[in-house]
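Undergrad: Curious how this folds, go ahead:
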Amino acid sequence: MSQKAIIFGASGQDAFYLNEVLQKNHFETILVSRSKGHWVQADVSDYTSVSQLIKQHQPKYVFHLAATSSTAHKYVFENHKSISTGSLNILEACYQHAPQTKVFLSGSAVQFENSGKPINEQTPFKANSPYAISRIQSTYAARYYRSLGLRVYIGFFFHHDSPLRKSSHINQQIVQTALQAAEKQKAQLTLRNIKAEKEFNFAGDFMHAVYMMVQQEKHFELVIGSGKKYNLEYWCKLCFELLDLDYSNYIDYDLEKSDCSEVIYSDPTKLFSIGYQPKYSIEALAKEMLFYTFEKK
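TA: A predicted model of the protein is given here:
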């Protein structure tokens with residue numbers, strides 16, 4: 001009889017790759033999203049729904065990946081519902097009905113104070129956006145329930161992408177602009193800061209890290225990243241050159257206003273200590289996003 005795992009946030013890229021990992025490890029997965037699709041339709045911010053699912057399935061793992069991935073103020077209540085309330089609902093439901101369940105909550109690089117230096121688990125939090133506030137609150141809720149005996153894990157995700165990344169994200173916008181240019185379509189994109197530096201990781205790699213993490217009994221909070229940073233200009237060059245194009249013909253930016261003041265990257269020393277190593281380089285990620293799209297047309 002297979003073991004069960006519940007994934008909240010089934011419509012996102014992370015859930016897709018985590019589901020693959022779990023199924024390869026012989027888990028029966030219960031996928032949950034408030035949007036319509038081939039999964040259980042339920043809202044993680046509704047305690048009754050969350051509680052019923054956890055009580056019914058008695059899963060070995062629950063993964064909370066549901067979120068509106070925007071730091072904009074207009075999403076202040078949406079972030080609170082999906083991240084803060086969602087986390088609390090999962091934790092309380094497990095505490096009441098399935099205390100043996102291991103819970104994984106996704107965290108974020110943006111909930112930390114960022115001085116341009118590598119961010120690790122000891123870096124202080126900074127509530128500089130509604131999104132960061134929700135992530136920080138979720139982390140403290142996890143620590144409280146951990147004190148009650150629940151095994152609660154948090155992976156602080158740094159930038160990661162895949163062919164399934166939504167079009168609102170800049171890396172995907174650059175990929176799509178390159179593809180449009182390759183097909184002789186009208187293609188133009190304006191970037192604010194082409195010198196901004198961040199990590200370029202593959203979501204599939206990160207979900208392997210998540211699965212490795214929940215096997216641990218020592219590390220309950222880990223930064224999940226590669227520690228390798230590149231500026232956005234390199235990503236532009238890479239994506240367009242793979243299609244034999246010059247990005248400067250399609251990407252607009254003001255170089256005088258573009259500097260390296262925006263830098264965010266991880267120190268994944270603890271993550272690497274449990275045996276994780278990313279398989280995808282930035283070059284492999286670009287190929288995956290570009291040519292996967294071609295194949296799906």
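Undergrad: So Thr71 sits against Tyr131, correct?
TA: Yes - assessed by C-beta atoms under 8 Å, Thr71 is found in contact with Tyr131 at 4.3 Å. Heads up, the C-betas are built off the backbone N, CA and C, glycines and all.
Undergrad: Val62: which element?
TA: strand 61-64 (DSSP states H and E).
Undergrad: go on, Tyr153?
TA: With DSSP H and E as criterion, Tyr153 is part of strand 151-157.
Undergrad: Quick check: what element follows that strand along the chain?
TA: Using DSSP H and E, the helix or strand that follows strand 151-157 in sequence is strand 160-161.
Undergrad: pretty sure Ile136 is touching Ser129, no?
TA: No - in this structure, Ile136 is not within contact of Ser129 by C-beta under 8 Å, at 10.3 Å.
Undergrad: ok, which stretches of the stretch 1-150 of the chain are strands?
TA: For the stretch 1-150 of the chain, the strands defined by DSSP state E, counting those that start in this stretch cover 3-8, 27-33, 40-41, 61-64, 102-108.
Undergrad: quick one: contacts of the first one?
TA: So that's strand 3-8. Residues from elsewhere that reach strand 3-8 (C-beta atoms under 8 Å, 6 or more residues apart in numbering): 15, 18-19, 22, 26-33, 44, 50, 53-54, 57-66, 86, 90.
Undergrad: that older thread, and the angle for the strand holding Tyr153 with strand 102-108?
TA: Angle, strand 151-157 to strand 102-108, by axes from the mean of the first three to the mean of the last three C-alpha atoms, to 10 degrees: 20 degrees.
Undergrad: who touches strand 151-157?
TA: 14, 91, 102-109, 111-112, 119, 121, 138-139, 142-143, 145-146, 206, 209-210, 213-214, 216-217, 220-225, 266.
Undergrad: lowest-confidence helix or strand of this protein?
TA: When each helix and strand of the chain is scored by mean pLDDT, DSSP states H and E, helix 76-79 comes last, with a mean of 85.
Undergrad: Report the mean per-residue pLDDT for stretch 228-247.
TA: In this model, stretch 228-247 has an average pLDDT of 97.
Undergrad: which regions of the stretch 151-297 of the chain sit below the pLDDT cut-off?
TA: For the stretch 151-297 of the chain, residues meeting the criterion pLDDT under 70 lie at 255-261, 293-297.
Undergrad: mind listing the helices for it?
TA: For the stretch 151-297 of the chain, applying DSSP state H, counting those that start in this stretch gives helices covering 170-182, 203-213, 232-241, 269-273, 282-295.
Undergrad: do you know which of the ones you listed lies nearest His160?
TA: Across those, His160 has its closest neighbour in helix 203-213 (4.8 Å, C-beta to C-beta).
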